[in-house]
Each structure stands twice: as C-alpha cells, then as structure tokens.
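Novice: sequence plus predicted model, see below.
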Amino acid sequence: MEKVVIVTGANSGIGLALCERLLVEDSQLRLCLACRNMQRAEAARTALLTSHTSAQVDLLHLDVGSVQSVLTAAKDIKARYGRIDFLYLNAGIMPNPQVDIWAFFRGLFSRNVINMFATAEGLLTQQDRLNSDGLQEVFSTNLFGHFLLIRELESLLCQPGHTSRLVWTSSSNARHSAFSIEDIQHRNGTEPYSSSKYASDLLSLALNRHKNSQGLFSSVICPGLVMTNLTYGILPSFFWTLIMPIMWLIRIFTNTFTLTPYNGAEALHWLFLQKPESLDPRAKYHSLTSGRGKNYTEPRQMDIDAEMSEVLLSKLFELEKVVRRKLSERNAVKEAHRQYLSEVE
Ligand SMILES: NC(=O)C1=CN([C@@H]2O[C@H](COP(=O)(O)OP(=O)(O)OC[C@H]3O[C@@H](n4cnc5c(N)ncnc54)[C@H](OP(=O)(O)O)[C@@H]3O)[C@@H](O)[C@H]2O)C=CC1
Ligand SMILES: CC(C)CCC[C@@H](C)[C@H]1CC[C@H]2C3=C(CC[C@]12C)[C@@]1(C)CCC(=O)[C@@H](C)[C@@H]1CC3
C-alpha cells in the first residue's frame, strides 16, 4: 500500500528538497504539502510534478502558528487519509535575527571556532512577539503548533498494528542554557529559536517514552547550515553569495556546512529509510557534508534530561487546555455575533 507522508513547511527550502528526494525514493508515495502560503505551495507542487509527472502530491492549508488553523487542518487530514506513515515537522521561523559581530570575531580567534560555526553559540539573538492566540510566535510555530497537530492526529498516528513516524527538523543551535522550564515560551529571553529547538528535542524524547508502545516513533534532525529563506533573513542572499568561497573553505574544517537544501535534507531522507526500532531516541541525526561534497548522516547524543522532558510534556498539556478553552470562548462570541447580525438584518 502507498505510504502517506505529510511535510509541514514544504513550500521552500529543506522541506521542498525533502519532498523532491522522497519522490525519487518512492514514486508511489501519497505526499501532502502542509503549507501556510498556498500560492507558494501550488508553485512547489507544480515544480514537483514537473519531474514526477504521475506522483500524488496533495496540498493542505496549515499555519502551525495558529491554533484554529491547526485544528481545521487536522480535521482535513483525518477526512483525507486513513493512515499516516511519516509526519515531518519541518516548518520553522527565526524572526528578526541579529548577529553579534564582536562575538563572531572573538570566536574566530578562539579554540571554540569550529563549535561556533556549527552551532552559532553566543552569536545569534532574535526579537519575538505575541501572535493572535496570545502565544510567543517562535514557540508557537516551531513547537506548540506541531504539538497540537500531533495531539489532534493521535487516532491516526497510534493505530494498532501500524507504525507511524514523527521527524522534527531541529537544529544544532538548540541549547540547554537557552531554555528554561519555567518559561517554556521564552517570553523573557533573546534566544527564542534556540529555546524552541531545544524544546522540540525534549518533546521528541517524551513522546518516544509515552508512544512507542502504541507504534508512534519520534526523531530529531539537524540539517546543518543551509542557504534558505531562513538564512537569507540573517544575512542578505548577495552577501552569502559573496562569501561562498569562504564557506566552501570552512567546510574543510566542519562538515556541518551542508549549504544546499538537498544536502540539508540528507538526515530527513535517511530516516525515511530506517527501521524505527533501530533508532536512538536520545540522538539527534545530523545531515553532514564532507569537504569533498559527500553527504552522510551521523547520530550525536543530545544534552537532554528525561525528567525535564516529562515536565515539559505536562506543561504543554496544561497550555493545550488553556488554548482550547480560549478558542472555544472566542468561537462562541463569534457565533453569537453572527446570530445577532442575522437577526437584525
Ligand atoms: N536553514 C538552516 O540553516 C537551518 C534550518 N533549520 C530548520 O529547518 C526548517 C526549515 O527551514 P528552512 O528550509 O531553512 O527555511 P525556509 O524559510 O525556506 O522554510 C521554512 C518553511 O516553514 C514554513 N513556515 C513558516 N512559518 C509557518 C507557519 N506558521 N505555518 C506553516 N508553515 C510555516 C515556511 O512557509 P512560508 O512560505 O509560509 O513562510 C517555509 O515553507 C526550520 O524548522 C528551520 O528552523 C534548522 C537548522 C538550520
Ligand atoms: C561564514 C561567514 C564568514 C560568517 C557568517 C557568520 C554567521 C552569520 C554564521 C556563522 C554560523 C552560522 C549558523 C547559523 C546562522 C548563520 C551563522 C550564525 C544557524 C544558526 C542557522 C540556523 C540553525 O538552525 C543553525 C544550525 C545554524 C548554525 C550556524
């Protein structure tokens, strides 16, 4: 039977490259591009169908940063598909990034230079804001929207006799010190991206502990540094093009500069081919590219703590309750308003 694969944030960058690679791997796939921007999603679908004319590529509207959109999309998925084989939780944002130039030059002449290029530790901050659900936007997009989606799809993801897989596009920028269990949304810090990615690493561990027995397996990957809209938000694309020879040079010292979306999707593609029982729930799977341009995947142990992952999970359940209650109150007010208008008209 054909596999059902859903990819969030599939209209560009690593998500789109993954879709292309998956169709090369298995042309019988039922591939669903779950995207916020439908115009870009349509363009991505057209591009995929140009090289895979008989492929089944569906589109689904999903804004992971909106609770209402996640609930509607999940309903749609349940109506369309009888099963889910892979759910790639790839959509992500890094708004208003700022590079600390002085820290960069200090790092350049320190012993920590390779780690700095691989993780951007101490180099990057972002400015976050509240979204219309009253949640921090980065937390909501990179983590909570995906969590809610999983919760809504539990009946499909945990079917007896069937294995389903979750794959998170995390980052080597995920850092314990950027995350606080007292402030899971990162309201009070300047590294919401790092915090949200660390939270996805924790959540994946907790999901494995609770859901493996029901046939649901979760993994996290880091695609390395890839030239996409996300990185063009850090430095303009012409600048990246200008320093490309330097980037190729750096690749000799660190294999984390994967640079192209195709290379960055390596670990996502590799996981598609693995048996879930053979995977380590405490490992992050890194897409790596050698100086000679060879792609490979390498597991590296994550700095995560099981106890903290349990606390995070219970906090997410709490927040889910609050968010659902707020949404139903908001919808009730909207409905009352609609009824009032229809009566006075
Ligand atoms: N590029 C890099 O170096 C690295 C990237 N990553 C991660 O890889 C993932 C993919 O990013 P990348 O390909 O680089 O960047 P892109 O900006 O190209 O892709 C991000 C995708 O996420 C989508 N997206 C953003 N917000 C939402 C939302 N609210 N709802 C639905 N979709 C949304 C975007 O859609 P839209 O067109 O609507 O904006 C886009 O399709 C992210 O999770 C990122 O954090 C991790 C490590 C390194
Ligand atoms: C290489 C150039 C001469 C100078 C570039 C300096 C910085 C802008 C980059 C150095 C390390 C990079 C990096 C990321 C962004 C750009 C840098 C800070 C990421 C944080 C992008 C998103 C991720 O998730 C990480 C895996 C990247 C880690 C490295």
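Specialist: Structure's in. What do you need? Numbers count the residues shown, from 1 in each chain. Ligands and ions are numbered 1, 2, ... in the order given.
Novice: pull out the buried residues from the lengthiest helix in the chain.
Specialist: Of all the elements of type helix in the chain, the one with the most residues (DSSP state H) is helix 306-344. Under the neighbour-count criterion of 16 or more other CB atoms under 10 Å, helix 306-344 has M308, S309, L312, L313, L316, L319, V323 buried. In short, each C-beta sits where N, CA and C put it, glycine included.
Novice: let's have those residues in a markdown table, adding distance to D280 and pLDDT.
Specialist: Putting the buried residues of helix 306-344 into a markdown table (distance: CB to CB, whole Å; pLDDT from 0 to 100) gives the following:
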| residue | distance to D280 | pLDDT |
| --- | --- | --- |
| M308 | 18 | 98 |
| S309 | 15 | 98 |
| L312 | 20 | 98 |
| L313 | 19 | 98 |
| L316 | 23 | 98 |
| L319 | 28 | 98 |
| V323 | 32 | 97 |
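Novice: so how far is N96 from the closest residue to C158 other than its chain neighbours?
Specialist: In space, and not counting its chain neighbours, C158 is closest to Q214: 4.0 Å by CB to CB, 6 or more residues apart in numbering. Counting by CB to CB, to the nearest Å, the gap from Q214 to N96 is 40 Å.
Novice: more neighbours: which of the two?
Specialist: Q214 (14 against 11; other CB atoms under 10 Å).
Novice: follow-up on the earlier one: helices or strands up against the longest helix of the chain?
Specialist: helix 67-80, helix 145-152, helix 192-211 (3 or more CB pairs under 8 Å, 6 or more residues apart in numbering; DSSP states H and E).
Novice: return the most buried member of these.
Specialist: Mean neighbour counts were taken over the helices and strands packed on helix 306-344 using mean count of other CB atoms under 10 Å, and the top value, a mean of 24, falls to helix 192-211.
Novice: kindly calculate the angle that that helix makes with helix 306-344.
Specialist: 100 degrees (axes from the mean of the first three to the mean of the last three CA atoms, to 10 degrees).
Novice: where exactly do the strands run in the stretch 51-200 of the chain?
Specialist: With DSSP state E, counting those that start in this stretch as the criterion, the stretch 51-200 of the chain has strands at 56-61, 86-89, 97-99, 124-126, 164-169.
Novice: what's the first one in contact with?
Specialist: The one in question is strand 56-61. 2, 6, 19, 23, 29-36, 38, 41-42, 45, 48-49, 69, 72-73, 76-77, 80 (CB atoms under 8 Å, 6 or more residues apart in numbering).
Novice: and stretch 145-159, by the same measure?
Specialist: 8, 62-67, 70-71, 73-75, 77-78, 81-84, 87, 89, 91, 164, 166, 168, 200, 203, 207, 211, 214-216, 316, 320, 323.
Novice: can you name the residue of the stretch 201-345 of the chain nearest ligand 2?
Specialist: Using CB to the nearest ligand atom, the single residue of the stretch 201-345 of the chain nearest to ligand 2 is L225, 4.5 Å away.
Novice: ok, now which ones touch that residue?
Specialist: F117, T231, T256, F257, T258, L259.
Novice: state the distance from it to T50.
Specialist: Taking CB to CB, one finds L225 at 28 Å from T50.
Novice: check D100 too.
Specialist: 42 Å.
Novice: who's more crowded, those two?
Specialist: A side-by-side neighbour count of D100 and T50, using other CB under 10 Å, places D100 first with 14 against 8.
Novice: next one: stretch 148-167 to chain centre, how far?
Specialist: 17 Å (CA atoms, centre = their mean, to the nearest Å).
Novice: for stretch 245-257, same thing?
Specialist: 24 Å.
Novice: output it as PDB, nothing but the C-alphas.
Specialist: These are the backbone C-alpha positions of stretch 245-257, laid out as PDB (Å, rounded to 0.1, in the frame of the first residue of the first chain):
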ATOM      1  CA  PRO A 245      34.200  30.600  -1.400                       C
ATOM      2  CA  ILE A 246      34.900  31.200   2.300                       C
ATOM      3  CA  MET A 247      32.000  28.900   3.200                       C
ATOM      4  CA  TRP A 248      33.400  26.200   1.000                       C
ATOM      5  CA  LEU A 249      36.700  26.600   2.700                       C
ATOM      6  CA  ILE A 250      35.100  26.300   6.200                       C
ATOM      7  CA  ARG A 251      33.500  23.100   5.000                       C
ATOM      8  CA  ILE A 252      37.000  21.500   5.100                       C
ATOM      9  CA  PHE A 253      37.000  22.100   8.900                       C
ATOM     10  CA  THR A 254      33.400  21.500   9.800                       C
ATOM     11  CA  ASN A 255      31.100  19.100   7.900                       C
ATOM     12  CA  THR A 256      28.000  21.000   9.200                       C
ATOM     13  CA  PHE A 257      28.100  23.500   6.300                       C
END
